[in-house]
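Undergrad: Fold the following.
(2 chains)
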Amino acid sequence: MLSSQTKSNEIVFDSCNKDLLEEIIFYGIGLGADFVEIFIENTDNSSVLAEEDFITSVSPSFGRGAGIRIFKDKKDGFVSTNDLTKHGLMRSVSQAIEMLDITDNNKKEVFNGLSKHRDYSLSKKKWINEVPSINEISEKLLVSTKSLKKNNKIITRKGSYSRSLQEVIIASSDGTYASDIRLHQTVGLNVIASDAQYRSSGSRRFGSSGMPNEFRLWDHEKAANDVFESSMNMLYAEYVDAGQMPVVLANKFGGVIFHEACGHLLETTQIERGTTPFENKLNEKIAHESVTAIDEGISEGSFGSLSVDDEGMEPEKSVLIKDGILKKFISDRAGELRTGHKRTGSGRRQNYSFAAASRMRNTYIAKGDYSKEDLINSISDGLYCKSMGGGSVGATGQFNFAVEEGYLIKNGKLTNPVKGATLIGEAKEVMPKISMCGNDLELAPGFCGSISGSVNVTVGQPHIKVDSITVGGR
Amino acid sequence: MNSKEITTQISEAADSLNLRKWDYGASFSNDYSVQVDKGEAKQLKASQKQILTIRVWNQFNLVGITTTSDISETGIKKALKQANIASDFGNKNESTDFSPLAKDPIQQKKVSERSPVGIKKLLTLLREAEVKLIESHESIKSVPYNGLSESFFERVYANSDGAFRSYSKSQAALYLYARAEEKDKKPRSSGSVKLGYGVDDIDIESCIREASNKTISHLNYSSIKTDKYLICFSPESFLTIFNAFSSMFNARSILDGVSLSNRNSIGEKLSTEALNIFDDGLHEKNISSSPFDGEGTPTKRLCLINSGRIENFIHSESTARIFKTIPTGHAGLGSKVSVSPDWIVVEKSEENFDLNTSLDHSSYEGEFVYIEELNAIHAGVRASQGSFSLPFDGWLYKNGKKTSIESATVAGDIKHLLKNIVNIESNQNVTTSGISPHIWVDELSITGDA
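TA: Take a look at the predicted model:
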């Protein structure tokens, strides 16, 4: 709750900082900046690790800091600091002004003061008292790792939990003044199975935003069964033969390929760099007509959802691709300034030490009309990728993704498990080959690392069929 | 507050909270960086950062930890209190103590102090570098990934037993990744990274030359047929794959069951007898060296592979105690202390009689694949299983002619790779992650588009 206890020489969370923030912004504008943005955060995080039948790590952390960004023309200078005093913040503004070599202070922008405070944190202040205690987390993790002990082939069992609580204040010279509290929780299970020379692993991660009770509701038994089953299925798997083949990608985390291979190319940072093949393709066909793709920050509880982005804009639902036609790019303030694409509420950063950039939130391919079986039945010789590992995209758009759990498809049926498969391709070549989308859209949480650090995202899709892709193997 | 004052502050706050045993690690840094886009400044960045990690031991000798960026008096007291609460959940199964070497003398490299050159000079240098790189070849259209930075930092370790050590250093980095485009061909991109103690120590011209040569050399590409090939790993790529599987030498990973090695693996034959590998964080060429680790243990040179056999594991205090040895200077500072290698040095041993010395990447005329750079390590390596499947930049050499490979992955098993080393060239190259000669390996699977 905002109160009248203003402390004029230091940012104090839970207090009204308007006068101080305005003073700092006036200072920057007065020195000749076109635009001044202040992002302040206060964090309270903790993580717990259970290994076998013991808690082996409890790691709390807390901190605070500010990121000050100054724009002059299309350039920006960014300074981060842990010093939240008036003096520290003013010094950061001066440093950013000096970096940008702003000397022409005749041409001044006008700052009319901050607008009415948009406080998204009001109903969230109680969250810190509602999240599970370390004791509660530890007990549930230990029960979870015990559930993984299903036979003597499981040689390593791990359960991990992490919680981040980030309180932010965003103010800028266009009048933006907003506060928010973000809560993210994730929990994961991992096993390694071994039998003689055979080894396999299994893992699953779950996550939510803004739902303090979510960990309590997490079905650890189902998760443990899933992880165990995956590791057992893959324990004796043979290496896949390399080659070109049709594949079916499972729903949920299968969406990581769209995220990495195509989603990043639709961020305005890629247009700025000239590294996306889709730069001049707006309203052109870039994918099969069965593909509609969305990026949004509004699904309740999803890992990539936000009340307000890190530049003070409420997130929108952006239809990126509609029936194969490119409709929109994911844009932030700098992206709008430098590329002309309107902001989408996608200015995001890991923390105060990064400048915000255009980043994905909850990104997924929309559901289609087919069942999973329809997709598999349509293939005589191919690969079913049930669980995807990580992946990456090169500077010229080539991607590669590890298949964590894969099965051969023979004559429309799933057959033997195979390991060592990697999917290799380029977005602009693969997108037109997504010929069938299932009706079972599901989302999965993840962390995305890019120019503005690691941010929480959701990936997702229904089961999809790619007509032909290079599968790396042995 | 300086590091001595912080130590005093922590000591007094710990006394007031009746906490008798504690240690801490801290770092304080000032970083400056620039990026450019076609001659214009794109983003200019400065940061002042401080991080403090405090561990406390409770009456049952269990450890709790807290990390904070708030190094005010209030912040330090809060961190101690939180660490004390966390100690209730300390690992009862594996105790942690101060490193027995935390007061031993440390070796500090003699490097004269560099001063910040400032953002304006960084910007000028990077602009010039971008222009030169674009002008170096008509097909190079842009340098989409570029940056020049300088960092100045201090690291500290201290404990309630009187250990105190700190060091200050500076480091600068330049990276240039160019993008080349030719009509009817796919764009190609490659680059170079250079480190120095200061900006003036960085060989900017060689960074431009390397980035240009690498990018241009991949313009005329062709797809490769999926098959098994004789492989020559560049020094960079061999160090990349070796580091990806360094859990084989990591005592923490062994205890956690995620290593290919076990507690009895010392002496196990891993590769040809011709191979020696050391971890040498204090090597004179290692710009990023640190004289002590997160627990205050001095950094030292350690032999990992001696004539093809595992010679040592890397340790923290607790893993060393379990293995009945001494810490090796590779620990972090955490609730569960991590262990990681510093800087790898690959050498040919004296027992190199079984090598095929006719294999030399600059003169061999038979068919082989040259792997210049491995990509997507986080996605394509299964360290606990030994397998890898990684995209790479490289060439197919055939009849003395080299052709850039369009898009391909190399797959295999690390133990198979090490056992099938058929030559270790004589000349070692210095890279940003270590030193290695070119390494030849027989029979690895390549998946291509052809």
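Undergrad: got the end-to-end distance for stretch A:69-80?
TA: Criterion C-alpha to C-alpha, to the nearest Å; first-to-last residue distance in stretch A:69-80 is 9 Å.
Undergrad: looking only at pLDDT, what's the mean for that stretch?
TA: When pLDDT is averaged over stretch A:69-80, the result is 94.
Undergrad: which bits of the stretch 201-350 of chain A sit near chain B?
TA: Listed as neighbours of chain B in the stretch 201-350 of chain A under the rule C-beta under 8 Å from any C-beta of the partner chain: A:201, A:239, A:242, A:243, A:244, A:272, A:273, A:274, A:275. Using the backbone N, CA and C atoms, a C-beta is placed for each residue, glycine as well.
Undergrad: By neighbour count, which of those residues wins?
TA: The residue in those with the most neighbours, by other C-beta atoms under 10 Å in any protein chain shown, is residue A:242 (25 neighbours).
Undergrad: That residue contacts residue A:469, correct?
TA: No: in terms of C-beta atoms under 8 Å, residue A:242 does not count as a neighbour of residue A:469; the distance is 11.7 Å.
Undergrad: Low-confidence stretches in the stretch 101-250 of chain B?
TA: Within the stretch 101-250 of chain B, not a single segment meets pLDDT under 70.
Undergrad: Please, where are all the strands along it?
TA: B:140-159, B:164-180, B:188-196, B:221-222, B:227-233 (DSSP state E, counting those that start in this stretch).
Undergrad: tell me how far the longest one is from the chain's mean position?
TA: Averaging C-alpha coordinates over strand B:140-159 and over its chain gives two centres that are 14 Å apart (C-alpha atoms, centre = their mean, to the nearest Å).
Undergrad: buried ones in the lengthiest helix in chain B?
TA: Taking DSSP state H as the criterion, chain B has its longest helix at helix B:119-135. Neighbour counts over helix B:119-135 (16 or more other C-beta atoms under 10 Å in any protein chain shown) mark B:119, B:121, B:122, B:123, B:125, B:126, B:127, B:129, B:130, B:132, B:133, B:134 as buried.
Undergrad: wait, what's in contact with the last one?
TA: By that I understand residue B:134. B:140, B:141, B:142, B:143, B:178 (C-beta atoms under 8 Å, 6 or more residues apart in numbering or on different chains).
Undergrad: how about 6 Å then?
TA: Residue B:134 makes contacts with residue B:140, as judged by C-beta atoms under 6 Å, 6 or more residues apart in numbering or on different chains.
Undergrad: Could you check how far it is from chain A?
TA: 12 Å (C-beta to the nearest C-beta, to the nearest Å).
Undergrad: Check the third one too.
TA: Distance of residue B:122 to chain A, given as C-beta to the nearest C-beta: 9 Å.
Undergrad: Run through the residues that contact that residue.
TA: B:34, B:148 are the contacts of residue B:122 under C-beta under 6 Å, 6+ apart.
Undergrad: same thing but at 10 Å, please
TA: Residues in contact with residue B:122 (C-beta atoms under 10 Å, 6 or more residues apart in numbering or on different chains) are A:99, B:32-36, B:41, B:44, B:116, B:147-150, B:172, B:174, B:199.
Undergrad: Identify each of the helices in the stretch 151-300 of chain A and give its residue range.
TA: A:214-217, A:220-235, A:256-257, A:268-273 (DSSP state H, counting those that start in this stretch).
Undergrad: ok now the last one, how far from the chain's centre?
TA: Here the centre of helix A:268-273 is set off from its chain's centre by 18 Å, with C-alpha atoms, centre = their mean.
Undergrad: What of the second one?
TA: Remark: helix A:220-235 is offset 25 Å from the chain centroid, using C-alpha atoms, centre = their mean.
Undergrad: Repeat that for stretch B:127-134.
TA: That offset, for stretch B:127-134, works out to 28 Å (C-alpha atoms, centre = their mean).
Undergrad: same question, stretch B:200-214
TA: Distance, centroid of stretch B:200-214 to centroid of chain: 21 Å (C-alpha atoms, centre = their mean).
Undergrad: that older thread, now, which of the residues of the stretch 201-350 of chain A next to chain B lie within strands?
TA: A:201, A:239, A:243, A:244 (DSSP state E).
Undergrad: Would you reformat these as JSON lines and include pLDDT?
TA: JSON lines is the format used below for those (pLDDT from 0 to 100):
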{"residue": "A:201", "pLDDT": "92"}
{"residue": "A:239", "pLDDT": "91"}
{"residue": "A:243", "pLDDT": "87"}
{"residue": "A:244", "pLDDT": "90"}
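Undergrad: Show me the two of these that sit farthest apart.
TA: Using C-beta to C-beta, the two most remote members of those are A:201 and A:244, lying 27.5 Å apart.
Undergrad: Now do the shared contacts for residue A:242 and residue A:469.
TA: Joint contacts of residue A:242 and residue A:469 (C-beta under 10 Å, 6+ apart) are residue A:424.
Undergrad: returning to that earlier point: of all the buried residues of helix B:119-135, which comes closest to chain A?
TA: residue B:119 (4.4 Å; C-beta to the nearest C-beta).
Undergrad: residue contacts, the closest one?
TA: A:77, A:95-96, A:98-101, B:32-34, B:41, B:44-46, B:148, B:150.
Undergrad: And residue B:304, by the same measure?
TA: Applying C-beta under 10 Å, 6+ apart, the residues near residue B:304 are B:242, B:246, B:248-249, B:270, B:276-279, B:310-314, B:341, B:344-346.
Undergrad: cool, residue A:450 as well?
TA: A:264, A:267, A:269, A:270, A:348, A:350, A:354, A:357, A:358, A:359, A:360, A:457.
Undergrad: and it, bridged to which residues?
TA: residue A:453 (DSSP bridges).
Undergrad: separation between it and residue B:418?
TA: Counting by C-beta to C-beta, to the nearest Å, the gap from residue A:450 to residue B:418 is 34 Å.
Undergrad: quick one: contacts for residue A:111?
TA: Going by C-beta under 10 Å, 6+ apart, the list of residues near residue A:111 reads A:22, A:25-30, A:33, A:35-36, A:172-175.
Undergrad: same deal with residue B:52?
TA: Neighbours of residue B:52 in contact, by C-beta under 10 Å, 6+ apart: A:63, B:6, B:10, B:24-28, B:66-71, B:75-76, B:79, B:156.
Undergrad: Next, count neighbours for the residue of the stretch 51-200 of chain B found nearest chain A.
TA: Per C-beta to the nearest C-beta, residue B:69 is where the stretch 51-200 of chain B lies closest to chain A, at 3.4 Å. For residue B:69, the count of nearby residues is 19 (other C-beta under 10 Å).
Undergrad: again with residue A:299
TA: Residue A:299: 18 neighbours (other C-beta under 10 Å).
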